[in-house]
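1. Let me see the structure of the following:
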Amino acid sequence: MTGGLNGRGVIVTGAGSGIGRAAALAFAAQGDRVLVADIDAERAGAVVQEIEQRGGTAVAVTGDLSDQGVVDRVTATAVERFGGVDVLVNNAGIMDGMTALADVSDAEWERVIRVNLTAPFLLTRAVLPHMLAAGGGAVVNTASEAALRGSAAGAAYTASKHGVVGLTKSLAVMYRKNGIRANAICPGGTATAIAVDADPAAHGPATLAPHFVNLGRVSRPEEQAAAIVFLASPAASNINGAILPVDDGWSAV
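-> Below is the predicted model of the structure:
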């Protein structure tokens, strides 16, 4: 490992693959201690092993972060192992089926909202007392291009990511005098393993398809991670409540 040896305590959710994995590795590379939170124990363990093999410090906690018990375990483990939480990256998320509102089932709606919006709320709420006691901290949320427009995903996913933006801005305003900064990235197309189970002939996917013409270049997870690490860094000390597109200009079209 090389870097600044910051030694901060960092929680990254959805860190077993994709953007979360890249962020966990990037934080560890600069000397931060990383809690790798993921629903898949094998993937989380592999990332911890990769960090440790490079000389870093990491611990895995597995489970569904929409479960309050898992949230409590993640928080308690970070505090026990790292002495506190300096950085929280709410990155874990799931896609919907690009489903149009009239076709969204209760199960799809509730699951997407629970994982994408309620889980970040629960974990941020759990971590906040520790950041407040320490005099500050940084929260970086992974929103989406779908948080900026209505043409990038289905109704449930779009609503959940717009909610993440609102949560980020509220947190930034409410706690800026306490030394806590909250920002979000909005990834465009990114090469990750996140799955989209959609029927191309259904109303939602068929309506959305023409809008992806302007998608632009598909990014690498490391490019998204670089933005996350920057927003959590002292270099971004006066950036608070920002919603940063990382999308090769898709949001500018």
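2. What ranges does the stretch 51-200 of the chain have for its helices?
-> 68-82, 106-113, 119-134, 155-175 (DSSP state H, counting those that start in this stretch).
3. and the third one, which residues are buried?
-> It refers to helix 119-134. 119-124, 126-128, 130-131 (16 or more other Cβ atoms under 10 Å). Every residue, glycine included, has its C-beta placed from N, CA and C.
4. now swap in the shortest one and tell me
-> By 16+ other Cβ under 10 Å, the buried positions in helix 106-113 come out as 108-109, 112-113.
5. same question, stretch 182-197
-> 182-190, 192.
6. likewise stretch 27-45?
-> 27-39, 43-45.
7. Return the mean pLDDT over that stretch, rounded to an integer.
-> What stretch 27-45 shows for mean pLDDT is 98.
8. Just checking the distance from that stretch to the centre of its chain.
-> 13 Å (Cα atoms, centre = their mean, to the nearest Å).
9. follow-up on the earlier one: show me which of the buried residues of helix 106-113 is closest to Tyr157.
-> Nearest to Tyr157 among the buried residues of helix 106-113 is Val112, at 5.7 Å by Cβ to Cβ.
10. What sits closest to that closest one if chain neighbours are left out?
-> Ala156 (4.0 Å; Cβ to Cβ, 6 or more residues apart in numbering).
11. confidence score at that neighbour?
-> We have a pLDDT of 98 for Ala156.
12. my read: it touches Val104, true?
-> Yes: if you go by Cβ atoms under 8 Å, Ala156 and Val104 touch, sitting 5.6 Å apart.
13. neighbour count winner among those two?
-> Ala156 (25 against 20; other Cβ atoms under 10 Å).
14. sorry, back to before: now, among the buried residues of stretch 182-197, which is nearest to Glu52?
-> Thr192 (23.3 Å).
15. How about the contacts made by the residue nearest to the closest one when sequence neighbours are not counted?
-> Distance criterion Cβ to Cβ, 6+ apart; nearest residue to Thr192, sequence neighbours excluded, is Gly18 at 3.3 Å. Contact partners of Gly18, counting by Cβ atoms under 8 Å, 6 or more residues apart in numbering, are 190, 192-194, 221.
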